[in-house]
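# here is a sequence with its predicted model. Questions after.
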Amino acid sequence: MSSSNATTASTTLGSDAKLIGLVGLAHAISHFSQLVLPPLFPWLKDAFNVSYTELGAVLTVFFVVSCVVQAASGFVVDKLGPRPVLFVGLGMLGLAAFGYALAQSYWMLLGCAVVAGVGNGVFHPVDYTLFNRKVAPTRLGHAYSVHGITGSLGWALAPAFVVPLAMAFSWRVALASAGVLAVVVLLILWANRSVLSLEVKAVHKATGADGGAGSEFAFLKIPAVWMCFGFFFFYAMALSVVQTFAPAAAGRLHAVPVTLIAICLTVYMVASAAGMVVGGFLASDPTRCERIVGAGFGVAATIALVLALADFAPFLVPVMFGAMGFATGIAGPSRDLLVKRSTPANASGRVYGVVYAGLDIGQAVAPLIFGRLMDHGQYASVIVGLAVVQGVLIASAFNVRRVRREALVPASA
């Protein structure tokens, strides 16, 4: 505890800002890499003669592997420190993108998805360990906000980056360029590696890693941790629908031109980033995080239902995606505080690894369900399903608070 506190106490605004910026840059590439394939599905579908369900299975492989790695990497981060794990993750993402570009069969795409999943699995344990150990507590809300913003911008950049390159050259050039981008970011972080350092000895001492296997796994007995896991599972399902199928489904429902469909996801992600700026200030009071999450997803679910059931002009579809993104973005920093408030002291890597594995499982399951709806032309069902999942998130957030409060009762008795 003392070494952790000393590190936090010695931070300045400048050092915190630099750390947050570098971690945010890496996080942006993680999210960018998650979304390099879905915008290219029309090209990949023809190139490999596969269905949307089969392409969704590539994403399922990616997120299943990422889930396993994410849960395991939290322990590795707590033992070895976050920096080497981060570098390996970025390198694997670059390697996978080059592999996608060279793929000659559907099975090669699946193999590269395994590599990409390994790379993607390290980021949340790394990022939140660095934030929670090195950033001053008064700036944690803003760190979470920037983290969410850069992730959303990474998602927004992916279609805007790969689609024009695919149209101008080929989908292979687009994916190879994505690999180059990952390598460039890795080099930037390597040049600033001193900012990302965290004493391994301090990590061992702070996490109780020397105290035996029982102490390392004790956090798994905390009900709030598993409630957070469930929340992130449903959050990831909603996100996966938006990223992968919702723009195309809304386009079919409202006769939206292809050019407008293509910008829906980018508009959603940019608006989500803007919402996170607002959400970062709202998250300054951790006691209201569940209410903020509930309000944000309540608005998003309402917009999704209107999108699915109402009749309106095609040009309004990107506007509605933007409004939905802004509402979910406001909830972003408070979403991360749900986990922070449920995390035992000095177990950041392990808890965030397990909890955020729910993200990967949700994103693995959703393409299989909603891809089948797309293949059967059930476009309204895709959007209504999105609204239902967003509604479940509201209940999940308040359930986290209920379980956490119940756990505190014996301690105060």
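Looks like it arrived, so ask away. This structure is a prediction, so every number in the text was calculated from the model and none was measured.
# I'd like the next helix or strand past the strand or helix carrying Q243.
Using DSSP states H and E, Q243 sits within helix 223-244. Toward the C-terminal end, the helix or strand that comes next after helix 223-244 (DSSP H and E) is helix 246-254.
# output the contacting helices and strands for that next one.
Contact here means 3 or more C-beta pairs under 8 Å, 6 or more residues apart in numbering; DSSP states H and E; on that basis helix 246-254 packs against helix 258-282, helix 289-309, helix 316-340, helix 379-412. Backbone N, C-alpha and C define where each C-beta goes, glycine included.
# which positions within that helix qualify as buried?
Applying a neighbour-count criterion of 16 or more other C-beta atoms under 10 Å, one finds A246, P247, A248, A249, A250, G251, L253, H254 buried in helix 246-254.
# contacts only, for the third one.
Translated: A248. Listed by C-beta atoms under 8 Å, 6 or more residues apart in numbering, the contact partners of A248 are I261, M374.
# quick check: the gap between it and L373.
Per C-beta to C-beta, to the nearest Å, A248 is found 11 Å from L373.
# again, but for the second one
Counting by C-beta to C-beta, the gap from P247 to L373 is 14 Å.
# related to what we said a few turns ago, which one of the helices and strands packed on helix 246-254 lies closest to V76?
Closest to V76 of these, according to C-beta to C-beta: helix 316-340, at 18.9 Å.
# list the helices and strands the very next helix or strand once past that closest one packs on?
Of the helices and strands lying after helix 316-340 in sequence (DSSP H and E), the nearest is helix 348-355. Judged by 3+ C-beta pairs under 8 Å, 6+ apart, helix 348-355 is in contact with helix 52-80, helix 123-134, helix 223-244, helix 316-340.
# and the average pLDDT for the next helix or strand after the second one is what?
Scanning forward in sequence from helix 123-134 by DSSP H and E, the next helix or strand is helix 140-168. Taken as a whole, helix 140-168 has an average pLDDT of 85.
# may I see the buried residues of helix 140-168?
Of the residues in helix 140-168, 140-159, 161-163, 165-166 count as buried by neighbour count, 16+ other C-beta under 10 Å.
# run the chain-centre distance for that helix.
On the basis of C-alpha atoms, centre = their mean, to the nearest Å, helix 140-168 sits 11 Å off its chain's mean C-alpha point.
# what do you get for stretch 277-296?
Computed by C-alpha atoms, centre = their mean, the chain-centroid distance of stretch 277-296 equals 18 Å.
# again with stretch 231-247
Here stretch 231-247 is found 10 Å from its chain centre; the criterion is C-alpha atoms, centre = their mean.
# turn the helices and strands packed on helix 246-254 into TSV, columns for mean neighbour count.
Output for the helices and strands packed on helix 246-254, formatted as TSV (neighbours: other C-beta atoms under 10 Å):
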stretch	mean neighbour count
helix 258-282	22
helix 289-309	21
helix 316-340	25
helix 379-412	18
